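Q: build the 3D model from these lines:
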Amino acid sequence: MIDIKLKEELKIYIEKHYVKPDTDFYDLSEVDEETCCLQYNEGLTVNERVKRDLQNFNDILRTYIRNYNKRHNTKDSDIYKKANIPKEHFNKIINQKIKPQKKPLIALGIALDLSKEEIEQLLRSAGWAFTNTSKFDIIILYCLEKNIRDIMMINEILYENEVECFGSTK
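A: The predicted structure is shown next:
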């Protein structure tokens, strides 16, 4: 059970940082193509760039896992269990069989005891980022700031705030 002080601190943190997403659609007819299109000046096709970026992600993740296992004398199985990620899903992420999703990456970052900045780097390398329009993200950032690193405790906090938890399939 979450204590009252934590609930109050989190409520204030959410009020300060959370921005309700704007549901209005923007009129893009006045935006020029140069402004709204991604520019790939490196001479790479989109597929080549995605493949390169995912390799970069995989290198970063493998380095974090290797370093964690050396520091704590653990195995990969300890990490995916701590992150509450099924072995099969973990292996698919590691072996680039699926596009890594944001929530499992955050869970892995927490399980690997990564700093907020390292988790942000891991997310960026996979094409994700924390956003202030996601209550989930705001709560995760609060937990990282308060050094709350237990996935089950974080899930309890998420649940108490009516936010989708780690491991849910909504």
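Q: so how far is L114 from the residue positioned nearest the centre of the chain?
A: Relative to the mean C-alpha position of the chain, the nearest C-alpha, by C-alpha atoms, centre = their mean, is the one of I106, at 3.5 Å. According to C-beta to C-beta, to the nearest Å, I106 and L114 sit 10 Å apart. All C-beta atoms are positioned from the backbone trio N, CA, C, and that covers glycine.
Q: and if you look at I79?
A: Remark: distance between I79 and L114 (C-beta to C-beta) = 11 Å.
Q: ranges for the helices of the chain?
A: Ranges of helices in the chain, per DSSP state H, are 4-17, 33-36, 46-72, 76-82, 87-94, 102-111, 116-125, 135-145, 151-160.
Q: ranking these by burial, who's on top?
A: Comparing these by mean neighbour count (mean count of other C-beta atoms under 10 Å), helix 102-111 ranks first with a mean of 22.
Q: next one: that helix to chain centre, how far?
A: 5 Å (C-alpha atoms, centre = their mean, to the nearest Å).
Q: what does stretch 150-166 contact?
A: Here stretch 150-166 makes contact (C-beta atoms under 8 Å, 6 or more residues apart in numbering) with 1-2, 6-7, 10, 14, 82-84, 103-104, 106-107, 110-111, 135-136, 139-140, 143, 148, 167, 170.
Q: switch to 6 Å and redo it
A: I2, N84, K103, A107, K135, F136, I139, C143, K170 (C-beta atoms under 6 Å, 6 or more residues apart in numbering).
Q: also stretch 87-106?
A: N58, Y80, I85, L122, L123, A126, W128, I140, F166.
Q: any idea how far the last one is from I60?
A: Right, the one you point to is F166. From F166 to I60 the distance is 21 Å (C-beta to C-beta).
Q: repeat that for the second one.
A: Taking C-beta to C-beta as the measure, Y80 and I60 are separated by 17 Å.
Q: mean pLDDT for the helices of the chain: which is lowest?
A: Ranked by mean pLDDT, these bottom out at helix 33-36, with a mean of 43.
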